[in-house]
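Colleague: pasted the sequence and its predicted model underneath.
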Amino acid sequence: MTILYVLIPLALLSGASFVIAFLWAARSGQMDDLETPALRILCDDDGPPVRSPSHDSTPGPPPR
């Protein structure tokens, strides 16, 4: 029975902290757009890899 004196306030405190965290996330804009990040992975906007000028075809000393 005495464990309830510890568990009930602990449960209320953790529940209140989850509500506060949810309200903070909702007000700071983290839940504004839920669909775009999930659909962004489906877009194929990667072009061919771009070669830098230092990777030409002439042999030379290895880069440091």
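Modeller: Everything's here; your move.
Colleague: so G29: helix, strand or coil?
Modeller: Following DSSP: H, G, I helix; E, B strand; the rest coil, G29 is assigned to coil.
Colleague: how far away is it from L39?
Modeller: 19 Å (Cβ to Cβ, to the nearest Å). Placement of C-beta: from N, CA and C, glycine included.
Colleague: same thing with M1?
Modeller: As for M1, its distance to L39 is 53 Å (criterion: Cβ to Cβ).
Colleague: looking at the two, which is more packed in?
Modeller: L39 (8 against 4; other Cβ atoms under 10 Å).
Colleague: which helix or strand contains the more buried one?
Modeller: Using DSSP states H and E, L39 sits in helix 36-40.
Colleague: ok, residues contacting that helix?
Modeller: The contact list for helix 36-40 (Cβ atoms under 8 Å, 6 or more residues apart in numbering) is empty.
Colleague: do me a favour and average the pLDDT over that helix.
Modeller: Averaged across helix 36-40, pLDDT comes to 81.
Colleague: nothing else from me, thank you.
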